[in-house]
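# return atomic coordinates for the entry below.
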Amino acid sequence: METKKSRIGVYPGSFDPLTNGHLDIIIRASGLFDTLIVGVLRNDAKKTLFSMEERVELIAKCTNDIANVKVEMFEGLLVDFVKEKKAGTIVRGLRAVSDYEYELQMAMMNKHISPDIETIFLMTDINNSFLSSSMIKDVAVHGGNIRGLVPDAIVEDIYRKVKKI
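Okay, the predicted model is just below:
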């Protein structure tokens, strides 16, 4: 009798900060896998508002009630992280057609490097299709209302952080 192979997915990103669009993908993807690892990427080319540790804490705060979601940091090649975690699938969120070209290129490169790793795309809910972390930061820095755009649990964390810069 064969044993069922554990289904582990990885949803990577910088999540600086987590938006309701990201959370929508996390919730829906968590239903597709035994374990969903939210991989917080260190990308030194990007200037981030929150440190990696802070981003992990913020995501954990928003997902602590989803039993099969883990939040971890990584750097380097995504496919190496996926292999290290014994995952077989990368989850990517799409907001609009403009995201698709970039995401397709990345998926094809990952497939070239590691043919055994699949990439799936999930469309975010239409209500979140305009959201980006960059936009959230810009609105918050200028004193705009980000409520309803990011999880309620981290609204004040974001406002506190932008007041420091």
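# show me where the protein has its strands.
8-13, 35-41, 69-74, 89-94, 118-123 (DSSP state E).
# list the helices and strands the longest helix seen in the chain packs on?
The longest helix of the chain (DSSP state H) is helix 97-113. Contacting helix 97-113 under the criterion 3 or more CB pairs under 8 Å, 6 or more residues apart in numbering; DSSP states H and E are the following elements: helix 78-84, strand 89-94, strand 118-123. Every C-beta, even on glycine, is put in place using the N, C-alpha and C of the backbone.
# relative to Val139, which of these is closest?
strand 89-94 (20.0 Å; CB to CB).
# each with direction, which strands does that closest one pair with?
Partners of strand 89-94 in the sheet, by DSSP bridges, are strand 8-13 (parallel), strand 118-123 (parallel).
# just send those strands back as JSON lines, with distance to Gly76 and mean neighbour count too.
Below are the strands paired with strand 89-94 laid out as JSON lines (distance: least, CB to CB, whole Å; neighbours: other CB atoms under 10 Å):
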{"stretch": "strand 8-13", "distance to Gly76": "11", "mean neighbour count": "22"}
{"stretch": "strand 118-123", "distance to Gly76": "18", "mean neighbour count": "16"}
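# so which of those strands gets nearest Asp157?
Closest to Asp157 of the strands paired with strand 89-94 is strand 8-13 (CB to CB; 17.6 Å).
# just for the chain, where's the confidence low?
Scanning the chain for pLDDT under 70 picks out the ranges 1-5.
# 90 - rerun?
Scanning the chain for pLDDT under 90 picks out 1-6, 42-47, 95-99, 164-165.
# what residue lies at the spatial centre of it?
With distances taken as CA atoms, centre = their mean, the residue of the chain nearest its centroid is Gly13 (4.3 Å).
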